[in-house]
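Chemist: Fold the following and give me the result.
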Amino acid sequence: MAKNLLKNPSGEELFEFWELTENGGSQWKVEEMPGDCGFDFCLDGVTKYFATSFELCLKRQVIDLLAEDYSSEQLDAQPPVTVDDWYCGRSDCGCTYQMTVTLLDENQEIMQEFKPEPVTLDPDSDDCSWKQVSHTFADYGPGMRFITFEHGGQDTKFWDGWFGVRVTGSSVTVEI
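Modeler: As a prediction, this is how the structure comes out:
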């Protein structure tokens, strides 16, 4: 199994290694499973999640692939890059979820981007269980040296506190 290149993907170390690019409302918070979402997580070892607030909350990591001991030759062979993320809402408040993952060259110029449409979760029509988003990059050309991973969201009712989307279990892997 390939190594997860994201550090602290589930909040076990609070916000260590994450850049909080948007920290609105009551700001980001780390909570214990199952917490207010009410659902345990399906992957072993994940006991916490990141919760968003009533204004946009986004966090990101930039992965330097050469610093992670990949060689230029390995990366120029365009190995598959897989990203996974898990998100859920609460049963009492709607929320939105978004993510953007980019493959960057040595100058940090975008080679390829994965940015699905933002998702709105409505507790009246959604079971609020954990949902997975996954994408594998291929045929992106030689020269990839960095990967950025950014995700987050907010609640839809602008309630004070942490009623927005929950995220955890994130991963970025390079298949060498």
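Chemist: Not counting sequence-adjacent ones, nearest residue to the residue most central in space within the chain?
Modeler: Nearest to the geometric centre of the chain sits His151, at 4.4 Å (CA atoms, centre = their mean). The shortest distance from His151 to any non-neighbouring residue, by CB to CB, 6 or more residues apart in numbering, is to Met99 (3.9 Å). In this view, the C-beta of every residue, glycine as well, is placed from N, C-alpha and C.
Chemist: Looks like that neighbour contacts Glu150 (just checking).
Modeler: Yes - assessed by CB atoms under 8 Å, Met99 is found in contact with Glu150 at 6.7 Å.
Chemist: what's the distance between the residue located most distally from the centre of the chain and Gln132?
Modeler: Distance from the C-alpha centroid of the chain, by CA atoms, centre = their mean, peaks at Glu73 (27.7 Å). Per CB to CB, to the nearest Å, Glu73 is found 32 Å from Gln132.
Chemist: quick one on the thing from earlier: quick one, which of Met99 and Glu150 is more surrounded?
Modeler: Neighbour tally, Met99 and Glu150, criterion other CB atoms under 10 Å: the higher count belongs to Met99, 23 against 19.
Chemist: Adjacent strands (with direction) for the helix or strand encompassing that one?
Modeler: Using DSSP states H and E, Met99 sits in strand 95-104. Taking DSSP bridges as the criterion, strand 95-104 sits next to strand 110-114 (antiparallel), strand 119-121 (antiparallel), strand 146-155 (antiparallel) in its sheet.
Chemist: Let me see the mean pLDDT of the second one.
Modeler: What strand 119-121 shows for mean pLDDT is 95.
Chemist: and Lys59, how many neighbours?
Modeler: Neighbour tally, Lys59, other CB under 10 Å: 21.
Chemist: Isn't it up against Leu14?
Modeler: No - Lys59 lies out of contact with Leu14 (CB under 8 Å); the separation is 11.4 Å.
Chemist: thinking again about what came up before, can you give me the buried ones in the strand holding Met99?
Modeler: Of all the residues in strand 95-104, those buried under the rule 16 or more other CB atoms under 10 Å are Cys95, Thr96, Tyr97, Gln98, Met99, Val101, Thr102, Leu103, Leu104.
Chemist: tell me how far it is from the chain's mean position?
Modeler: 7 Å (CA atoms, centre = their mean, to the nearest Å).
Chemist: As a check, name the ranges of all helices in the chain.
Modeler: Assigned by DSSP state H, the helices in the chain fall at 72-76.
Chemist: Show me where it has its strands.
Modeler: Here the chain has its strands, by DSSP state E, at 19-23, 29-32, 48-51, 57-64, 81-88, 95-104, 110-114, 119-121, 131-137, 146-155, 166-174.
Chemist: Need the winner for burial among those strands.
Modeler: Per residue and on average, the most neighbours among the strands of the chain fall to strand 48-51, with a mean of 24 (mean count of other CB atoms under 10 Å).
Chemist: Right, I'll call it a day here.
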